[in-house]
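K.L.:
Give me a 3D structure for the following:
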Amino acid sequence: MTRLDGGAVVPERFRGGIVALGNFDGFHLGHQAVVGRAIALARAAGRPALVATFDPHPVRHFRPKTPPFRLTTLDQRERLFAEAGADAMVVFHFDAALAAQSAVDFVDDRLLDKLGTGGVVTGADFTFGKDKGGNVDVLAELGLKNGFSVETVGPVALDGAPVSSSRIRDLLKAGDPRGAAALLTRPFAVAGVVQHGDKVGRTIGYPTANLDMGTYLRPAYGIYAVRGRLPDGRVLDGAANLGIRPTFDPPKELLEPYFFDFNEDLYGQAIEVELIDYLRPEAKFGSLEALTEQMEADCARARVVLAEG
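P.N.:
Numbering: from 1, shown residues only. Predicted coordinates:
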């Protein structure tokens, strides 16, 4: 997988490719249908398959005070696109210059000049260009005029409702990671570098690998059954607190997984933590003894949940 700058002319071997165009945050079932169609068309035509995404998310440019809402980082999307079979990821850096481009200018500059696009596949609700001046109908007209194909993939439904990033966010905020995983086709996962904390967990027999939530959506605060993926490929079961640790002062927002039967040093390592199931809300305890007793119960329940799959 190659990561390409959408603001520069791509290498010749990627020109003429079929481009899946969208935001693809979360890379859920609907996104997978769009990207899968682009890859199928590319393979049939002997062309490269590219997935184009926007980063930062356009919402972050237009409404910078919006609370964190990302479901995937750029690195996670790159890995997911590669696993789907794409040859390259194109990153359109969303800034004031890109926001000011009209739909026609975006096609002329980014799709034709920079990518030499041979074809585009989008979702039915895709919009682009200044003030959302372009939609799938405009894109189809511009494709016909400029000699590249345009296909639109309709919404994908699950359990009677369309799959969408907003639906996934609502499920996570409601404490339903399994519901979100059904739409994502995998658990929601937070990736980050393990940082030093105050090491209280270590003193009570529950050392945690602390992760900053960064730009990720904040799921419901509470205790989760989790799986951690280490840089060497190992997968560890555990339980994690996601939230502000109300028992301790001052409050500090963290994802704090404790991995069962594991005592290696993870500081400075990049890991990924999957939220498998929600066990209970955060709670404040009057003593470390009470907290430790509850943590023991949480870990026992998490072991059972994870053993069940």
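K.L.:
Kindly format the C-alpha coordinates of stretch 286-301 as CSV.
P.N.:
The C-alpha trace of stretch 286-301 is given here as CSV (Å, rounded to 0.1, in the frame of the first residue of the first chain):
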residue,chain,number,x,y,z
GLY,A,286,-14.5,5.7,48.7
SER,A,287,-11.3,3.8,49.1
LEU,A,288,-8.7,1.9,47.1
GLU,A,289,-9.9,-1.3,48.7
ALA,A,290,-13.4,-0.8,47.4
LEU,A,291,-12.0,0.0,43.9
THR,A,292,-9.7,-3.0,43.9
GLU,A,293,-12.6,-5.3,44.9
GLN,A,294,-14.7,-3.9,42.0
MET,A,295,-11.8,-4.2,39.6
GLU,A,296,-11.4,-7.9,40.5
ALA,A,297,-15.1,-8.4,39.7
ASP,A,298,-14.8,-6.5,36.4
CYS,A,299,-11.9,-8.6,35.3
ALA,A,300,-13.6,-11.8,36.1
ARG,A,301,-16.6,-10.7,34.1
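K.L.:
Domain boundaries for this protein, per the record?
P.N.:
Taking automatic domain parsing as the reference, the chain has its domains at 2-156, 187-307.
K.L.:
Report the mean confidence score over the first one.
P.N.:
So that's domain 2-156. In this model, domain 2-156 carries a mean pLDDT of 97.
K.L.:
ok so, going back, between the domains of the chain, which one is closest to V163.
P.N.:
Smallest distance to V163 across these (C-beta to C-beta): 4.5 Å, for domain 2-156. To be clear about C-beta, it is placed using only N, CA and C from the backbone, and glycine gets the same treatment.
K.L.:
ok, the nearest residue to L98 once chain neighbours are set aside - contacts?
P.N.:
In this structure, L98 finds its nearest non-sequential neighbour in F92, 6.3 Å apart by C-beta to C-beta, 6 or more residues apart in numbering. By C-beta atoms under 8 Å, 6 or more residues apart in numbering, the residues touching F92 are G6, G7, A52, T53, F54, D55, L98, R110.
K.L.:
Which members of these are positioned in strands?
P.N.:
Mapping the contacts of F92 onto strands (DSSP state E) picks out A52, T53, F54, D55.
K.L.:
quick one: which of the residues you listed is nearest to P231?
P.N.:
Nearest to P231 among those, counting by C-beta to C-beta, is D55 at 23.1 Å.
K.L.:
Which member of the ones in strands among the contacts of F92 is positioned nearest A40?
P.N.:
Set against A40, the nearest of these by C-beta to C-beta is A52 (16.9 Å).
K.L.:
which SSE is the residue nearest to the closest one when sequence neighbours are not counted in?
P.N.:
Residue nearest to A52 in three dimensions, not counting chain neighbours: V90, with 4.0 Å by C-beta to C-beta, 6+ apart. Counting by DSSP states H and E, the element that carries V90 is strand 88-93.
K.L.:
Could you list the paired strands of that strand along with their orientation?
P.N.:
strand 2-5 (parallel), strand 49-55 (parallel) (DSSP bridges).
K.L.:
buried residues in that strand?
P.N.:
A88, M89, V90, V91, F92 (16 or more other C-beta atoms under 10 Å).
K.L.:
I would like the residues contacting the helix or strand containing R301, please.
P.N.:
If you go by DSSP H and E, R301 is part of helix 288-307. With C-beta under 8 Å, 6+ apart as the test, helix 288-307 has contacts from 200, 204-206, 223-227, 237-239, 247, 258, 260, 276-277, 279-280, 283, 285.
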